[in-house]
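> Pasting the sequence and the predicted coordinates here, then a few questions.
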Amino acid sequence: MSAPTRNVQRVSSLSLTADCPADWSIQAPGRAVTTAATVAVSVLVLLSLWGELTRAGGVSPTLVILDVAVAVLSCAAVPLVLRRPVATAGVLAVASLLSPVATPASTVATVHTARARPLRTALLVAGAGVVGHLLRGLWRPVPGLGFGWWVLLVVAVHAALLAWGARARSQQSLVMALRERAARLERDQQRRVQDARLTERRRIAVEMHDTLAHRLSLLAAYAGAMEFRPDAAPEKVTAAAGVVRAEAARALVELREVIGVLRDDEDDLDRGAPQPTWSDVELLIAEARDAGASVEVQCRVDITDLPPTIGRTTYRLVQEALTNARRHAPGQPVELVLGGSPGERLDIDVSNPVHRDYAGPRAGGTGLIGMRERVQLLGGELSPEVTAGRFRLHARLPWPER
């Protein structure tokens with residue numbers, strides 16, 4: 001018996017309406033990003049140091065030593081900014097109070113803190129940076145720029161950095177929410193598919209129970225007759241043995257359908273009405289024609305002696321195909337072709353025209369999942385496909401010879 005298919009297609013699209021948690025922490029950048037950021041900020045720090053050393057009027061030796069020390073501290077702190085942004089930003093805020101060389105690293109710390117931490121923490125870090133720069137402007141003013149303009153510039157720049165980092169955090173949180181929602185939807189989809197498979201297997205088990213019970217009861221009756229009438233005529237014993245052999249062969253064929261089907265709670269299953277067979281397909285087609293569908297049937301083989309199990313599967317296949325045709329191609333003609341031969345296989349081919357943009361049945365549809373389970377439990381194959389503007393459902397079932 002063929003094993004059921006285990007491939008579950010992923011969800012292709014989703015929409016997000018839930019709010020993102022505010023306390024999500026953003027993952028630290030990788031080694032390559034850290035190295036690139038360190039190099040870039042170090043270059044800016046060195047340029048700032050060069051600008052201070054070459055400023056017109058010169059700089060006192062004490063300030064030169066201070067600027068060089070702050071430059072070394074800023075370059076060394078950049079990797080820590082990306083790993084521990086809050087503490088490092090506080091250190092760089094103090095460094096920016098001592099020297100303008102720390103400004104590039106301090107601004108990077110502010111924007112990264114706004115990106116990686118909640119807004120309240122980012123506001124505290126930005127406030128520390130503003131205070132540090134304002135105090136430095138008092139004792140080391142920028143040449144040609146009044147203190148009032150310096151205050152306006154510092155506040156505006158830090159507000160922009162805070163908004164930039166907060167926006168990046170919001171986008172990152174949205175991406176994380178989308179990933180979590182996609183994973184949840186995928187788990188739900190897998191659970192729905194498994195439930196559909198389990199339901200179909202249980203229904204097959206219910207259908208097969210009565211048939212197997214009938215076969216086994218016949219075997220018991222004929223075997224009992226042979227046991228209690230050993231003096232019967234040889235021809236009668238031979239006939240009874242032939243019936244036992246034939247019924248045992250049929251029971252083995254039908255038993256293939258239920259091997260591996262798990263029935264956890266048999267008492268809770270609804271037996272329902274007797275299931276349809278091939279003799280009911282004509283009524284199914286007549287109902288479809290009465291509903292306005294055009295159904296053409298080409299029967300290239302004598303199927304009057306079709307086994308009940310294959311007849312039931314054929315009925316369900318035709319039913320699913322007509323349902324899909326009504327749903328996806330209303331008004332289009334449906335063609336049903338039956339071929340094959342007893343002892344080999346039964347070929348069932350149902351096709352209908354579809355719109356040129358139709359890509360096939362949905363991945364999450366449970367109708368074809370159930371059909372595939374039925375066909376594979378019989379040892380057959382099912383292949384739905386869209387070719388040349390037609391949707392084609394082709395099934396190949398083993399047809400044991402009676």
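Structure's in. What do you need? As the structure is a computational prediction, the values presented were derived from the model and not from experiment.

> use CA for all of it now, contacts and neighbours both
OK.

> average pLDDT for stretch 166-186?
When pLDDT is averaged along stretch 166-186, the result is 89.

> What of stretch 49-66?
Stretch 49-66 comes out at a mean pLDDT of 76.

> hmm, who's touching that stretch?
If you take C-alpha atoms under 8 Å, 6 or more residues apart in numbering as the criterion, stretch 49-66 is touched by 67-68, 71, 98-99, 101.

> End to end on it, go ahead and measure it.
10 Å (C-alpha to C-alpha, to the nearest Å).

> Only the buried residues of it, if you could.
Within stretch 49-66, the residues scored as buried using 16 or more other C-alpha atoms under 10 Å are 49, 52-53, 64.

> Let me see the ranges of the helices in the stretch 101-250 of the chain.
Taking DSSP state H, counting those that start in this stretch, the helices of the stretch 101-250 of the chain run over residues 103-116, 119-139, 147-228, 234-255.

> angle of the first one against helix 147-228?
When you say that, I think you mean helix 103-116. 40 degrees (axes from the mean of the first three to the mean of the last three C-alpha atoms, to 10 degrees).

> Tell me which of the helices of the stretch 101-250 of the chain is the most buried.
Mean neighbour counts were taken over the helices of the stretch 101-250 of the chain using mean count of other C-alpha atoms under 10 Å, and the top value, a mean of 27, falls to helix 103-116.

> Now do it: distance to the chain's middle.
Centroid displacement of helix 103-116 relative to its chain, using C-alpha atoms, centre = their mean, to the nearest Å, is 37 Å.

> helices and strands around it, which ones?
helix 31-53, helix 61-83, helix 85-98, helix 119-139, helix 147-228 (3 or more C-alpha pairs under 8 Å, 6 or more residues apart in numbering; DSSP states H and E).

> Please list the residues outside that helix that contact it.
With C-alpha under 8 Å, 6+ apart as the criterion, helix 103-116 contacts 25-27, 41, 44-45, 74-75, 77-78, 81-82, 85-86, 88-89, 92-93, 96, 121-123, 125-126, 129, 158, 161-169.

> Apply 6 Å and report the result again.
26, 74, 81, 85, 89, 92, 96, 122, 126, 161-162, 165-166, 168-169 (C-alpha atoms under 6 Å, 6 or more residues apart in numbering).

> again with stretch 151-165
So stretch 151-165 is contacted by 111, 114-115 (C-alpha under 6 Å, 6+ apart).

> In JSON lines: these, plus pLDDT and distance to Ile348.
Output for these, formatted as JSON lines (pLDDT from 0 to 100; distance: C-alpha to C-alpha, whole Å):
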{"residue": "Val111", "pLDDT": "88", "distance to Ile348": "65"}
{"residue": "Ala114", "pLDDT": "89", "distance to Ile348": "64"}
{"residue": "Arg115", "pLDDT": "87", "distance to Ile348": "60"}
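
> can you list those residues in a markdown table and add distance to Leu397?
A markdown table is the format used below for the contacts of stretch 151-165 (distance: C-alpha to C-alpha, whole Å):
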| residue | distance to Leu397 |
| --- | --- |
| Val111 | 66 |
| Ala114 | 64 |
| Arg115 | 60 |
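
> if we can go back for a sec, let's have the buried residues of stretch 49-66 in a markdown table, adding distance to Arg245.
As requested, the buried residues of stretch 49-66 are exported to a markdown table (distance: C-alpha to C-alpha, whole Å):
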| residue | distance to Arg245 |
| --- | --- |
| Leu49 | 100 |
| Glu52 | 104 |
| Leu53 | 106 |
| Val64 | 106 |
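
> What is the nearest of these to Val337?
Leu49 (85.0 Å; C-alpha to C-alpha).

> ok, now how distant is that closest one from Leu66?
Counting by C-alpha to C-alpha, the gap from Leu49 to Leu66 is 10 Å.

> Using the record's assignment, carve this protein into domains.
Under automatic domain parsing, the residue ranges defining each domain of the chain are 31-184, 190-268, 278-398.

> Where among those is average confidence lowest?
Here the lowest mean pLDDT among those goes to domain 190-268, at a mean of 68.

> residues of stretch 383-402 that come out buried?
Applying a neighbour-count criterion of 16+ other C-alpha under 10 Å, the buried positions in stretch 383-402 are 384, 386, 390-400.

> residues making contact with that stretch?
Residues outside stretch 383-402 that contact it (C-alpha under 6 Å, 6+ apart) are 342-354, 356, 380-382.
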